[in-house]
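Asks: generate coordinates for the sequence data below:
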Amino acid sequence: MRAGLDLGSSYIKWVAGPAPERVTVRRAAASVLDYREALKRLDARPGPGGCVLTGYGREVFPGTARTEVACLARAWAGAGYGDGSLVDIGGQDIKVLRFQGGKLKHHKFNRRCAAGTGSFIESLCHRLRISARRFNALAGEADGARPLNSFCTVFAATEILERVQRGEPLPALARGAYASVAARVREVGVLEPPVRLCGGFAAHHPVFRRVFAEGGGGEAETVPHPKYFAAWGAFLLAWDGAAGV
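Replies: Numbering: from 1, shown residues only. A predicted model of the protein is given here:
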């Protein structure tokens, strides 16, 4: 059994299996403190060919650490994708990777704070006292949206509350928040089609794909098991190491 673990800023995700082409476990937990318990359950020891770590916590625990870009690129190749762009909206950053013939050609991160990332939407949900699922459903009820004026998490939350008090419908505001995220993605880098989305944000906020297309980002599809895409790439790298690749 070998495993790939993505120790993100919000969640830990792990993928494991007894062969490169056979995934038997996909799990997520809310804290990187569950790392040791995850290894115990998976019966996979850290080290070359055993467990590959990626994400914000990859250097904190023992194991073979690889960057998120390396793991996402391996997952892209493992999925058999050729040309195109991969957008990973994480809890604290946005990554845009461009590929040609299945090979990574360019990658870029957002250079500002966590505004426009997964934590941006989570903060808005917290201030409005609604779940992410409800926020997504509300955004789906609106026909159009005006992006928020502020990318700052604190100011955006205040702006939404002020606009609610002025009588602006909450569905339009929720959709506007997604439009702001889409605008931030377009700021990060040029997207070469086809565009694919991955990460927990893509998994839990499906309406974003429609808002992204409406805002000029073009059509985008979500990769299978988007939350685990980086962890799956780490899993494949663990097997590459075992095979001496």
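
Asks: element containing the nearest residue to residue 65 once chain neighbours are set aside, please.
Replies: Of all residues not flanking residue 65 in the chain, residue 58 sits nearest, at 4.1 Å (C-beta to C-beta, 6 or more residues apart in numbering). Every residue, glycine included, has its C-beta placed from N, CA and C. In the assignment (DSSP states H and E), residue 58 maps to no helix and no strand.

Asks: contacts only, for residue 58.
Replies: 7, 65, 66, 67 (C-beta atoms under 8 Å, 6 or more residues apart in numbering).

Asks: list just the nearest of the residues you listed to residue 127.
Replies: Comparing these against residue 127 with C-beta to C-beta places residue 7 closest, at 27.1 Å.

Asks: list phi and psi for that closest one.
Replies: phi -90, psi 80 (degrees, to the nearest 10).

Asks: thought residue 205 was touching residue 136?
Replies: Yes - when contacts are counted by C-beta atoms under 8 Å, residue 205 is listed as touching residue 136 (5.1 Å).

Asks: more neighbours: those two, which one.
Replies: residue 205 (23 against 20; other C-beta atoms under 10 Å).

Asks: quick one: residues contacting the more buried one.
Replies: 121, 132, 135, 136, 178.

Asks: the second one contacts residue 125, doesn't it?
Replies: Okay, so that is residue 132. Yes - with contact defined as C-beta under 8 Å, residue 132 reaches residue 125; the gap is 5.4 Å.

Asks: what's across from residue 13 in the sheet?
Replies: For residue 13, the beta-bridge partners are residue 6, residue 28 (DSSP bridges).

Asks: what part of this structure, helix or strand, is modelled with the least confidence?
Replies: Across the helices and strands of the chain, mean pLDDT, DSSP states H and E gives its lowest value to helix 35-42, namely a mean of 62.

Asks: now the element after that helix, going C-ward?
Replies: By DSSP H and E, the next helix or strand past helix 35-42 is strand 51-54.

Asks: can you give the contact residues for that following strand?
Replies: 2-7, 39, 42, 44-46, 61, 63-68, 70-71, 230-231, 233-235, 237-238, 241.

Asks: which of these count as buried?
Replies: By neighbour count, with 16 or more other C-beta atoms under 10 Å, the contacts of strand 51-54 hold 2-7, 39, 42, 44, 46, 61, 63-66, 68, 70-71, 230-231, 233-235, 237-238, 241 as buried.

Asks: in strands, which of the residues you listed appear?
Replies: The strands, defined by DSSP state E, take in 2, 3, 4, 5, 6, 7, 64, 65 from these.

Asks: pretty sure the second one contacts residue 14?
Replies: Yes - look at residue 3 against residue 14 with C-beta under 8 Å: they come within range, at 5.6 Å.

Asks: residues near the residue lying closest to residue 122 once chain neighbours are set aside, how many?
Replies: Nearest residue to residue 122 in three dimensions, chain neighbours excluded: residue 132, at 6.8 Å (C-beta to C-beta, 6+ apart). By the criterion of other C-beta under 10 Å, residue 132 has 17 neighbours.
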